[in-house]
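S.K.: Please find the sequence and the predicted model below.
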Amino acid sequence: MAALALILSAGGMAQAQTPARTLKLVVLGDSLSAGYNLPGNAAFPAVLEQALRQKGVAVEIANAGVSGDTVQGGLDRLDWSVPDGTDGVIVELGANDALRGFDPAATEKALEEILTRLKARNVPVLLAGMYAPRNLGPDYTTRFDGIFKRLADKYGLVFYPFFLDGIAGDRVLNQADLLHPTAEGVRVIVARILPTVERFLETLRKP
């Protein structure tokens, strides 16, 4: 009996120590997440993956960022950018829509189609919001800024209000164009969004 108890105990310990399955994430985004003018290991997905792994989280994050992409562009390439077997998607799109002054209604329609199609595939989403440049006027910025929170509430998503929080307009943390983060800027973005990403990952591990 004692030997049997020891075997069962050892088996329980082995089971308890089984490493968690590696989660596969995709960052569907534009140049802000693609790593414009930066080496691949300094882009947002790579830095986020490293930060999570340093905390013991088993995760692989694919960089599906395309410089210059609009929300419609992300929708057009959604199926091949998010392959089968993806556990979750971080959607970071919209900056180029605002920079080009696109109708917020069109941006919202395309973003909602992305969310609808991912939901139909049972792929959870963390939605990263974007703010329009203030020089576009209060009417435009109000209409544009509200898109992301409205859709996050409608679809019950984990939501991060502003992807560039902590670096927007900062000459040290942005490249010369004041639009794209430096490597240090990316690290600031990751540090700020990390608690939200961890909360998102917790939802993915629930049965």
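M.R.: Alright, I've got the coordinates.
S.K.: C-alpha only now, for contacts and for neighbours.
M.R.: Noted.
S.K.: Name the residues linked to the residue nearest in space to the middle of the chain by a beta bridge.
M.R.: Using C-alpha atoms, centre = their mean, the residue of the chain that lies closest to the mean C-alpha position is Ile90, 2.6 Å off. On the basis of DSSP bridges, Ile90 is bridged to Val27, Leu126.
S.K.: Could you pull up the residues touching it?
M.R.: Applying C-alpha atoms under 8 Å, 6 or more residues apart in numbering to Ile90 gives the contacts 25-28, 125-128.
S.K.: Tell me the one of those residues nearest Gly94?
M.R.: Taking C-alpha to C-alpha as the measure, Gly94 lies nearest Ala128 of the contacts of Ile90, at 9.5 Å.
S.K.: what's the burial count for the closest one?
M.R.: The number of residues packed near Ala128 is 23, by other C-alpha atoms under 10 Å.
S.K.: next one: phi and psi at it?
M.R.: phi -100, psi 120 (degrees, to the nearest 10).
S.K.: Test my guess that it contacts Tyr160.
M.R.: Yes: using C-alpha atoms under 8 Å, Ala128 is in contact with Tyr160, at 4.8 Å.
S.K.: Just the helices from this structure, written as ranges.
M.R.: Applying DSSP state H to the chain gives helices spanning 2-16, 31-34, 44-54, 71-76, 78-81, 95-99, 104-120, 138-155, 183-205.
S.K.: Mind giving me the packing neighbours of the third one?
M.R.: Taking 3 or more C-alpha pairs under 8 Å, 6 or more residues apart in numbering; DSSP states H and E as the contact definition, the neighbouring helices and strands of helix 44-54 are helix 31-34, strand 59-65, helix 183-205.
S.K.: So for that helix, what gets flagged as buried?
M.R.: 44-52 (16 or more other C-alpha atoms under 10 Å).
S.K.: can you tell me the average pLDDT over that helix?
M.R.: Summarised as a single mean, pLDDT over helix 44-54 is 98.
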